[in-house]
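Visitor: sequence below, structure please.
(chains A and B)
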Amino acid sequence: MQVFLQNWIYLIASVSLIGVGLYIVLTKENIFRIIVGLNIIESGTNLFMIAIAWHPKAVMPIYTATDHLAINGKVIAADPLPQSLVLTAIVIGLGTTALALAIGVKIFEKYGTLDVRKIKEAEK
Amino acid sequence: MNIFNNAALLIGIPLLFAFSIPLFGFISKQLTKWVTIFVVGFNATFSLYILLAHKFPSVVVMGNWVPPFGENLYVGPVAVFLVTVVSLIGLLIAIYNLWAIKGGDVTRFSVLFLMYIAGASGIILTGDIFNLFIFMEITEITSYALAAYGPERRALGGAFKFLVVSSIGSTLYLLGVMLIYTQLGTLNIAEIAARIGQTTPGLLTFAGVLLVSGLAVEAELFPFNGWVPDTYTGAVNGVSAALSGIGAIAGVYALFRIVMTVLGKDGMYVLTYGKLDLMAVIAILATATVVIGELSALTQKNVKKMLAYSSMAQMGLVAAGFSIGSTLGVYGGIFQLINHSIAKSMLFLIVGVLVAAGVGERIENFKGLWKRSPFLSLAFTIGAFSMLGFPLFAGFWSKFAIVGASIQRGGWYDFIIGLVLFASVAEAFYYLRIVTYIFSPTEMEKPKIKVNLSPAIPIFILAVAIVAIGVYPNLIGNFSMQSAGEFTHKMKDYVLNVIPTITAH
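Guide: Below you'll find the model as predicted:
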């Protein structure tokens, strides 16, 4: 069966983070809270990516370091690729958050409020 | 496998110049706009050269790591054709921006515009699903910033809405990519496409749903298109034209590259692996998009908002054409996509000129436009006729091909005939209403509208292109036909061109 399902506790945590984030984005009316919700979704995704690559008994994926670390006669190395992808995803998340906050500041300057409903009323 | 590494310049040159534009900005702000034109012009020329000198299908191999071990770009018929269209439309919009973008931070606008072109070209050229995510983020983050540009405060609301929806979308896409990675341990599109049959069907279905919902945001499919009206209305017109002319092409391409090439099965009609046929799901979403988009456009009094809803509906028609899954259907879809980009970006540019001349965005303001500016009136009419699929205009041939494909497929896909006809009737209603207003005789004496050379050139070229395609559809049709095969015969036309030694499992 899939090796990555053995990290079920992290997978459940990541999926619930994504759920919490989606809930915040969909229900909150304050722009700042929506941005926080987006960040929680991103953290959930990053945790998910790490969780599928890692195993409790895994060793670092360096060829020479795995010589004397065998479990049941078999060496399990952590998968380095998702971890490098997570770095990219974190940077992209940083960029999105920075831009979202900048737009949020501008919205506050122009409308005088961060409430999505009041902004919609001001438009009409 | 032909290696043609120079094609990487299509992404590299815009990125290089995007980050060096602030240096040109020190000399003069006007210069940055000329640099943009020069760079996008290079992209247009180089991609036209690849298209006409038939340098495809070939692969860009980065650092001599042959696929599937390294990241690669695939320069196939679809990629070259769409990059050419994207950079030509980008060039015309850059020429328009020479006149339109005056106030504000011109230097940073040029940086963002070039990065937008680079990101869109990257989405189309890449051969790796994680790179697709990165290029998608480049395109999306630059388009939030571009959409927020401008003096009007409504731009900010639109941009923020777009940001929230599409960053959730790209997160879902990333989750889908990682689920596929857990199954196959690779991110290369060609290798995944060949080995997709080895995956667990349940997990693959879940991953497929995540991928489709992530990509449908950029492709403007219901229910992920809530951002469209606000963002298109709020953005300055050059940016709305870029969003509908460039972003839409990249979004639709990404959606169907994933659904048809990565998840699809070869055959007479493309179906997808997994427990759910995603092509049918997309057909249903596309139908909902067309119906909702057209009905909302009918009631709009603001021309920009109407164009935005119409753009949504047209994207639905494109997706419906693709979702038929036969070569003719994909041909119709690509053809419709190109026609829509040409006509809709022209309409947005015309609205931009009219707003700058003080005419306004309401439908009533268009009354008697014919006497004030025959050139803009004629161009708007040509665009409107192409949109609603009037014979002898570009839009007719693509709608005709989509109807033909749905008749050919038969079964419950027959409803797409009705869908196209419904769309045409609704479009006829709201576009012809404006055209009637334009040609209605009015007594009011208002000054004539002077159109500067720099917005006039792109509008003229796009209008001529619509008429030319309408009279001689093979101009685009031949390339669309060539491209359609790449989507429907994925092993022969995609996978084996990238990794010649692989066999399908």
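Visitor: can you list the residues of the stretch 51-200 of chain B near chain A?
Guide: Neighbours of chain A within the stretch 51-200 of chain B, by CB under 8 Å from any CB of the partner chain: B:130, B:134, B:137, B:141, B:144-145, B:148, B:153-154, B:156-157, B:159-160, B:163-164, B:167-168, B:171, B:174-175, B:178, B:181-182, B:185, B:187, B:200. The way it works is simple: take the backbone N, C-alpha and C, and place the C-beta from them, glycine included.
Visitor: need the buried ones from these selected in ChimeraX.
Guide: Buried residues among those (16 or more other CB atoms under 10 Å in any protein chain shown), as a ChimeraX selection:
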select /B:130,134,137,141,144,145,148,153,154,156,157,159,160,163,164,167,168,171,174,175,178,181,182,187
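Visitor: taking chain A, what residue is nearest to chain B?
Guide: When scored by CB to the nearest CB, chain A has residue A:110 as its residue closest to chain B, at 4.0 Å.
Visitor: pLDDT averaged over the helix or strand that contains that residue - what is it?
Guide: Residue A:110 belongs to helix A:80-111 when assigned by DSSP states H and E. Helix A:80-111 carries an average pLDDT of 90.
Visitor: centre of the chain to that helix, how far?
Guide: When C-alpha coordinates are averaged (CA atoms, centre = their mean, to the nearest Å), helix A:80-111 and its chain have centres 11 Å apart.
Visitor: how big is the angle separating the helix or strand just after it from helix A:80-111?
Guide: Using DSSP H and E, the helix or strand that directly follows helix A:80-111 along the chain is helix A:116-123. Using axes from the mean of the first three to the mean of the last three CA atoms, to 10 degrees, the inter-axis angle of helix A:116-123 relative to helix A:80-111 is 50 degrees.
Visitor: just the CA trace of helix A:116-123, in PDB.
Guide: What follows is helix A:116-123, C-alpha atoms only, in PDB (Å, rounded to 0.1, in the frame of the first residue of the first chain):
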ATOM      1  CA  VAL A 116     -15.900  43.400   2.300                       C
ATOM      2  CA  ARG A 117     -19.600  44.200   2.600                       C
ATOM      3  CA  LYS A 118     -19.000  47.900   3.200                       C
ATOM      4  CA  ILE A 119     -16.700  48.000   0.200                       C
ATOM      5  CA  LYS A 120     -19.400  46.500  -2.000                       C
ATOM      6  CA  GLU A 121     -21.900  49.000  -0.700                       C
ATOM      7  CA  ALA A 122     -19.500  51.900  -1.500                       C
ATOM      8  CA  GLU A 123     -19.200  50.700  -5.100                       C
END
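Visitor: which residue would be the closest one in the stretch 201-350 of chain B to chain A?
Guide: Residue nearest to chain A within the stretch 201-350 of chain B: residue B:203 (8.1 Å; CB to the nearest CB).
Visitor: brain fart, chain B
Guide: For chain B, CB to the nearest CB, closest residue to chain A: residue B:153, 4.0 Å.
Visitor: read off the pLDDT value for that residue.
Guide: 83.
Visitor: so what's it closest to, chain neighbours aside?
Guide: In this structure, residue B:153 finds its nearest non-sequential neighbour in residue A:110, 4.0 Å apart by CB to CB, 6 or more residues apart in numbering or on different chains.
Visitor: pLDDT wise, what is residue A:67 at?
Guide: For residue A:67, the model assigns a pLDDT of 57.
Visitor: how about the nearest residue to the residue of the stretch 201-350 of chain B closest to chain A, chain neighbours excluded?
Guide: Residue B:203 sits nearest to residue B:179 (CB to CB, 6+ apart), 6.0 Å away.
Visitor: before we move on, what about residue B:369?
Guide: residue B:438 (4.5 Å).
Visitor: show me what contacts the one you found?
Guide: B:366-370, B:377, B:380-381 (CB atoms under 8 Å, 6 or more residues apart in numbering or on different chains).
Visitor: do that again at 7 Å, thanks
Guide: Contact analysis of residue B:438 by CB atoms under 7 Å, 6 or more residues apart in numbering or on different chains lists B:366, B:369-370, B:377, B:380-381.
Visitor: sort out for me which of the residues of the stretch 51-200 of chain B next to chain A are in strands.
Guide: Using DSSP state E, no member of those falls within strands.
Visitor: please flag which of the residues of the stretch 51-200 of chain B next to chain A sit within helices.
Guide: Using DSSP state H, the subset of these located in helices is B:130, B:134, B:137, B:141, B:144-145, B:148, B:154, B:156-157, B:159-160, B:163-164, B:167-168, B:171, B:174-175, B:178, B:181-182.
Visitor: within range of chain B, give me the residues from chain A.
Guide: Proximity of chain A to chain B is confined to A:2, A:4, A:25, A:31, A:34, A:38, A:41-42, A:45, A:48-49, A:52, A:82, A:85, A:88-89, A:92, A:95-96, A:99-100, A:103, A:106-107, A:110-111, A:119, A:123 under the rule CB under 7 Å from any CB of the partner chain.
Visitor: are any of those buried, and which?
Guide: Among the residues of chain A next to chain B, the ones that count as buried (16+ other CB under 10 Å) are A:4, A:25, A:31, A:34, A:38, A:41-42, A:45, A:48-49, A:52, A:82, A:85, A:89, A:92, A:96, A:99-100, A:103, A:106-107, A:110-111, A:119.
Visitor: hang on, residue B:219 in a helix?
Guide: No. Looking at residue B:219 with DSSP: H, G, I helix; E, B strand; the rest coil, it is coil, so not inside a helix.
Visitor: wait, doesn't it sit right on residue B:253?
Guide: No. Residue B:219 lies out of contact with residue B:253 (CB atoms under 7 Å); the separation is 8.7 Å.
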